[in-house]
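Chemist: I'd like to go over a predicted model; first the sequence, then the structure.
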Amino acid sequence: MTEPRPLRADARRNRARVLAAAETVFAAKGTGAPTEEVAREAGVGIGTVFRHFPTKEALLEAVLADRMRRFAEEAQSFAAAADPESAFFVFLARWADVSAAKNAYTDALAAAGAEVPRLAADVGAKVRDALGALLSRAQQAGAVREDVGVAELIALMVGASRAAEYVGDDAGLRARTLGIVFDGLRPR
């Protein structure tokens with residue numbers, strides 16, 4: 001079996017435009033938005049969309065994978081921030097925001113009967129490593145209780161992300177809810 005040939009430069013640009021357009025359209029109109037709108041937003045024909053992504057589910061998976069790759073990069077940049085306390089809590093708030101979109105994509109894939117992809121191993125490892133660095137630095141700064149580990153933090157944030165999603169567009173309620181969770185992470 002041979003490796004697939006790399007895409008030509010114009011095909012790579014079209015693929016990137018379709019992904020960016022899909023993210024914009026799905027954010028504005030939900031994951032149920034038709035692929036024709038994605039093609040219009042990208043300035044390409046529907047055939048170009050389907051040449052790169054044979055099904056809508058394949059497009060949803062690609063957008064989700066791209067978002068999660070960017071999130072892993074973002075996590076790594078937060079782990080290197082100068083103020084460990086601020087970086088830790090700002091990143092967790094960002095996690096809640098990203099999770100709402102991630103959940104919408106995974107719910108749409110599940111509803112379509114598609115297998116929901118797991119985070120790529122390298123992306124998941126990058127997020128866990130960056131989270132571990134953020135947590136360790138925040139604990140060393142005295143901003144986070146010492147008895148919290150990465151596994152507990154991930155479980156807590158999965159629940160907090162669903163709670164933040166549950167409150168919907170009420171930004172004040174969302175901020176207060178996350179604030180309560182974050183207060184539980186601070187030393188007693």
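Modeler: That came through, no problem.
Chemist: so where's this structure shaky on pLDDT?
Modeler: Applying pLDDT under 70 to the chain flags residues 1-5, 7, 114-120.
Chemist: Following the chain onward from the longest helix along the chain, which element is next?
Modeler: In the chain, taking DSSP state H as the definition, the longest helix is helix 84-111. Under the assignment DSSP states H and E, the closest C-terminal helix or strand after helix 84-111 is helix 121-140.
Chemist: same for that following helix, what does it pack against?
Modeler: helix 56-79, helix 84-111, helix 150-166 (3 or more C-beta pairs under 8 Å, 6 or more residues apart in numbering; DSSP states H and E). C-beta here means a position set from N, CA and C on the backbone, and glycine is covered the same way.
Chemist: could these go into JSON lines alongside distance to residue 50 and mean neighbour count?
Modeler: What follows is the helices and strands packed on helix 121-140, written out as JSON lines (distance: least, C-beta to C-beta, whole Å; neighbours: other C-beta atoms under 10 Å):
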{"stretch": "helix 56-79", "distance to residue 50": "9", "mean neighbour count": "18"}
{"stretch": "helix 84-111", "distance to residue 50": "18", "mean neighbour count": "18"}
{"stretch": "helix 150-166", "distance to residue 50": "31", "mean neighbour count": "15"}
